[in-house]
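In: what follows is a protein structure lacking sequence information:
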């Protein structure tokens, strides 16, 4: 199968020289090939979006919301189909894929309230005889560059809210998982949204740079690694664009001695090994404080032993699937080897065990690591959990705050005072208390800090609305002199 691009209402196979394979990660077999588009293909989708913007931006907010309601209905009707497609091209379990789709639909639902979200403010008599009114207007043609790990959710973080605000949108999904994005666009057109409002282009760096440099694009949204996020932010800003670029993370989980054992272990397992650790919200550093350390290590090791690892398409009971491709597998295994070489204690995993030709990495647990080790500093983006042993909460928070990232941190405790201190002192944008993955729901922004985010306004929530609109203020004075001369 050759993956097409969407230009207006036309699905086109571009005439390009470069193509790359799309794999089923559970089996390692090729299921499609995706084109590597360049400046010409990017310009075609931008022109289509610019043409559509003329009419779409003038469409009333309630009418735009009605179209998005129709799209949401399509997503619900094809929910299981989309989940199965995600499992096929990404490798995550079916249950994880369902969560991917569900969290995306929640953003569409939020965007359907745009008539309320985009309301401005007013102040009569802001000065003598003058009234002030603000309004939020669309900014133009927008673009989104999305990662492989959440094929439905992250695109749905972006384009429904951008479109609800009156913009048009060009989506460049990861070349590793283009099929879900294509299906979303098909359902979008079936829901009756106008041609050109949403377009799709594929490719790697050449396509990304063409989007970043194109003068017809007003705003860029990105989710991916910190290295690429910084490139997107710097390049986009240099070309006069509004940019939101979410990067990587090294999320911390702290377990206090008074934490509830069973619930804590379940949360840690889901955070660390869910989606094979391929999430920017994955828990990758575990800090057992004081006497909690040995107990939680043994509980996690025992839970790892019970995990079913395998082909997520063939085995619906699999608890964890593969990583995205062979390059990711090899990179993660190399990081594990570094951890061993640095002197950390390998408690579980670490050895590649081939399964059905897929790209599998066993769930891995390190203990007795130090904060300066590679496995404790750098994002691995795989099923690797590194354990540190701070003496007390103050040391745990100090170690957490040494990270250059600032995405998420969680604490497990029964003490309100401990939870309050942690929430106030830890330096990151998303904090969980007895919650393994503190990813916010659609009404709140996805609030990474430091090198986990480049920009001012985050995706989702009211920050997303502000990002995709610009404010206009109107000051009005109506002179009554004429009325007085007429005797009114």
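Out: Noted; the coordinates are in hand. All of these numbers come straight from a predicted model, not from anything done at the bench. Numbering: from 1, shown residues only.

In: buried residues, the host helix or strand of residue 418. List them.
Out: Under the criterion of DSSP states H and E, residue 418 resides in helix 416-425. Residues of helix 416-425 classed as buried by neighbour count (16 or more other C-beta atoms under 10 Å): 418, 419, 421, 422. Every residue, glycine included, has its C-beta placed from N, CA and C.

In: and the helix or strand where residue 52 lies, what's buried?
Out: Secondary structure assigned from DSSP H and E places residue 52 in helix 39-56. Neighbour counts over helix 39-56 (16+ other C-beta under 10 Å) mark 41, 42, 44, 45, 46, 47, 48, 49, 52, 53, 56 as buried.

In: and of these, the nearest to residue 159?
Out: residue 49 (10.9 Å; C-beta to C-beta).

In: just to check, that closest one is in contact with residue 138?
Out: No: counting by C-beta atoms under 8 Å, residue 49 stays clear of residue 138, with 11.7 Å between them.

In: the helix or strand hosting residue 327 packs against which elements?
Out: Using DSSP H and E, residue 327 sits in helix 326-342. Under the contact criterion of 3 or more C-beta pairs under 8 Å, 6 or more residues apart in numbering; DSSP states H and E, helix 326-342 touches strand 345-348, helix 374-377, strand 384-388.

In: mind giving me the packing neighbours of the first one?
Out: Taking 3+ C-beta pairs under 8 Å, 6+ apart as the contact definition, the neighbouring helices and strands of strand 345-348 are helix 292-305, helix 326-342, strand 364-367.

In: most packed of those?
Out: strand 364-367 (a mean of 25; mean count of other C-beta atoms under 10 Å).

In: pull up the pairing partners for it, direction included.
Out: Strand pairing for strand 364-367, using DSSP bridges, gives strand 345-348 (antiparallel), strand 384-388 (parallel).

In: ok, the most centrally placed residue in the chain to residue 449 distance?
Out: Residue closest to the average C-alpha location in the chain (C-alpha atoms, centre = their mean): residue 154, at 4.5 Å. Distance of residue 154 to residue 449, computed by C-beta to C-beta, to the nearest Å: 19 Å.

In: also residue 204?
Out: Residue 204 is 28 Å from residue 449, where distance means C-beta to C-beta.

In: could you say which helix or strand contains the residue lying closest to residue 61 once chain neighbours are set aside?
Out: Once flanking residues are discounted, residue 61 sits nearest to residue 115: 4.3 Å by C-beta to C-beta, 6 or more residues apart in numbering. Using DSSP H and E, residue 115 sits within helix 114-117.

In: mind listing what's buried along that helix?
Out: Under the neighbour-count rule (16+ other C-beta under 10 Å), helix 114-117 has 114, 117 buried.

In: so which elements touch the helix or strand following that helix?
Out: Following helix 114-117 in sequence order, the next helix or strand is strand 122-127 (DSSP H and E). Secondary-structure packing of strand 122-127 (3+ C-beta pairs under 8 Å, 6+ apart): strand 130-138.

In: which residues are contacting the strand it packs on?
Out: With contact meaning C-beta atoms under 8 Å, 6 or more residues apart in numbering, strand 130-138 is reached by 53, 57, 118-126, 165-167, 465-466, 468-477.

In: now it: average pLDDT?
Out: The average pLDDT within strand 130-138 is 96.

In: relative to helix 39-56, how tilted is that strand?
Out: Angle between the axes of strand 130-138 and helix 39-56 is 140 degrees (criterion: axes from the mean of the first three to the mean of the last three C-alpha atoms, to 10 degrees).

In: can you list the strands that strand 130-138 pairs with?
Out: Here strand 130-138 is paired, per DSSP bridges, with strand 122-127 (antiparallel), strand 469-477 (antiparallel).

In: and the next helix or strand past it?
Out: strand 141-145.

In: okay, angle between that next one and helix 39-56 too, please.
Out: Angle, strand 141-145 to helix 39-56, by the same axes, to 10 degrees: 130 degrees.

In: distance between strand 141-145 and the chain's centre?
Out: The chain centre lies 14 Å from the centre of strand 141-145; the measure is C-alpha atoms, centre = their mean, to the nearest Å.

In: that strand packs against which elements?
Out: Packed against strand 141-145 by the contact rule (3+ C-beta pairs under 8 Å, 6+ apart) you find helix 39-56, helix 153-164, strand 168-172, helix 205-213, strand 219-223.

In: strand partners (parallel or antiparallel) of that strand?
Out: strand 168-172 (parallel), strand 219-223 (parallel).

In: in TSV, list the ones you listed along with distance to residue 332, mean pLDDT and mean neighbour count.
Out: As requested, those are exported to TSV (distance: least, C-beta to C-beta, whole Å; pLDDT from 0 to 100; neighbours: other C-beta atoms under 10 Å):
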stretch	distance to residue 332	mean pLDDT	mean neighbour count
strand 168-172	25	98	28
strand 219-223	20	98	29
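
In: among the ones you listed, which comes closest to residue 358?
Out: Short answer: strand 219-223, nearest of the strands paired with strand 141-145 by C-beta to C-beta, at 24.9 Å.

In: quick one: contacts of that closest one?
Out: Applying C-beta under 8 Å, 6+ apart, the set of residues contacting strand 219-223 from outside is 139-140, 142-147, 154, 157-158, 162, 167, 211-212, 228-229, 232-233, 236, 241-246, 280, 459, 467-468.

In: now the buried members of the contacts of strand 130-138.
Out: Among those, those classed as buried by 16+ other C-beta under 10 Å are 53, 57, 118, 165, 166, 167, 465, 466, 468, 469, 470.

In: redo those residues as a markdown table? Include pLDDT and distance to residue 195.
Out: Putting those into a markdown table (pLDDT from 0 to 100; distance: C-beta to C-beta, whole Å) gives the following:
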| residue | pLDDT | distance to residue 195 |
| --- | --- | --- |
| 53 | 98 | 12 |
| 57 | 98 | 15 |
| 118 | 93 | 24 |
| 165 | 98 | 19 |
| 166 | 98 | 16 |
| 167 | 98 | 15 |
| 465 | 97 | 25 |
| 466 | 97 | 28 |
| 468 | 98 | 20 |
| 469 | 98 | 23 |
| 470 | 97 | 25 |
